[in-house]
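1. need a 3D model of the following:
(2 chains)
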Amino acid sequence: DQQVKQNSPSLSVQEGRISILNCDYTNSMFDYFLWYKKYPAEGPTFLISISSIKDKNEDGRFTVFLNKSAKHLSLHIVPSQPGDSAVYFCAATQTGANSKLTFGKGITLSVRP
Amino acid sequence: KAGVTQTPRYLIKTRGQQVTLSCSPISGHRSVSWYQQTPGQGLQFLFEYFSETQRNKGNFPGRFSGRQFSNSRSEMNVSTLELGDSALYLCASSPPGLAGGSDEQFFGPGTRLTVL
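-> The predicted structure is shown next:
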């Protein structure tokens, strides 16, 4: 049972435009959400996170939106740059005494120059 | 500060063999988690260790095991390898948080295991 779903396996956008990466979750116990970025031959690197007490978190060009009622979050990258081309993983967890993250399958973002 | 290191980076084994992978967390991090990444399944949680104790476990068979040492370094072992065990194995460490581990994890580059 896939508790975190990234239904679009890939996304291609033009440099300078907005990239919107979507993620859905089914487990209502999740209360903390993270986005990771992964380049080939490297481990994932943390990008941005959001707690369920917020509906938006911004960090430079990256903004994450959370819609708890829809169990949906999205990552917006504005403006998109060729260096943003990577695989993006959405992850979720229930804050508490452990560090288990449940990941989606990832979205491959390609930013065309 | 040095990042998470994993050794070896690449490994080729044959079916039936066993393998041990090593992970050194960021200095000061006491929580170490292991993940398996395959093209079809994304990242799947294997287990997490904190202060030498397994604190959480994913849905993998008993052939997958791990341990953590007093210096927080961790190893994972896979016995009786199967073709389907071919994957990228990622280790992540977490800084201390309110409950002993935070939710932000720092990943190593991974060990690419190929089972022939």
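
2. give me the element the residue most central in space within chain B is part of.
-> Nearest to the geometric centre of chain B sits B:Trp34, at 2.9 Å (Cα atoms, centre = their mean). Here B:Trp34 is covered by strand B:31-38, with elements defined by DSSP states H and E.

3. counting neighbours, which bits of that strand end up buried?
-> Buried residues in strand B:31-38, counted by 16 or more other Cβ atoms under 10 Å in any protein chain shown: B:Ser31, B:Val32, B:Ser33, B:Trp34, B:Tyr35, B:Gln36, B:Gln37. Every residue, glycine included, has its C-beta placed from N, CA and C.

4. do the same with stretch A:46-62
-> A:Phe46, A:Leu47, A:Ile48, A:Ser49, A:Ile50, A:Ser52, A:Phe62.

5. around chain B, which positions in chain A sit nearby?
-> A:32, A:34, A:36, A:41-46, A:49, A:89, A:91, A:93, A:95-106 (Cβ under 8 Å from any Cβ of the partner chain).

6. can you turn the buried part of those into a PyMOL selection?
-> To isolate the buried members of the residues of chain A next to chain B in PyMOL, using 16+ other Cβ under 10 Å:
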select buried, chain A and resi 32+34+36+43+44+46+49+89+91+93+95+98+99+100+101+102+103+104+105+106
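
7. other residues contacting the helix or strand where B:Arg112 lies?
-> Using DSSP H and E, B:Arg112 sits within strand B:111-115. Strand B:111-115 is contacted from outside by B:6-15, B:19, B:21, B:78, B:81-89, using Cβ atoms under 8 Å, 6 or more residues apart in numbering or on different chains.

8. first-to-last residue distance for stretch A:68-76?
-> 17 Å (Cα to Cα, to the nearest Å).

9. could you list the buried residues of it?
-> For stretch A:68-76, by 16+ other Cβ under 10 Å, it's A:Lys71, A:Leu73, A:Ser74, A:Leu75, A:His76.

10. contacts only, for A:Phe46.
-> A:Leu34, A:Trp35, A:Tyr36, B:Glu104, B:Gln105, B:Phe106.

11. who's it bridged to?
-> A:Phe46 forms beta bridges with A:Tyr36, as assigned by DSSP bridges.

12. for B:Ser31, see how far away it is.
-> 15 Å (Cβ to Cβ, to the nearest Å).

13. equivalent analysis for A:Pro113, please.
-> 40 Å.

14. ok, back up a step: can you put the contacts of A:Phe46 in JSON lines and add distance to B:Thr114?
-> Formatted as JSON lines, those follow (distance: Cβ to Cβ, whole Å):
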{"residue": "A:Leu34", "distance to B:Thr114": "29"}
{"residue": "A:Trp35", "distance to B:Thr114": "29"}
{"residue": "A:Tyr36", "distance to B:Thr114": "24"}
{"residue": "B:Glu104", "distance to B:Thr114": "30"}
{"residue": "B:Gln105", "distance to B:Thr114": "25"}
{"residue": "B:Phe106", "distance to B:Thr114": "26"}
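
15. now, among the residues you listed, which is nearest to A:Gln81?
-> Taking Cβ to Cβ as the measure, A:Trp35 is the one of these closest to A:Gln81, at 16.2 Å.

16. which residues touch that closest one?
-> A:Leu21, A:Phe46, A:Leu47, A:Ile48, A:Ser49, A:Phe62, A:Val64, A:Leu75, A:Tyr88, A:Phe89, A:Cys90, A:Ala91.
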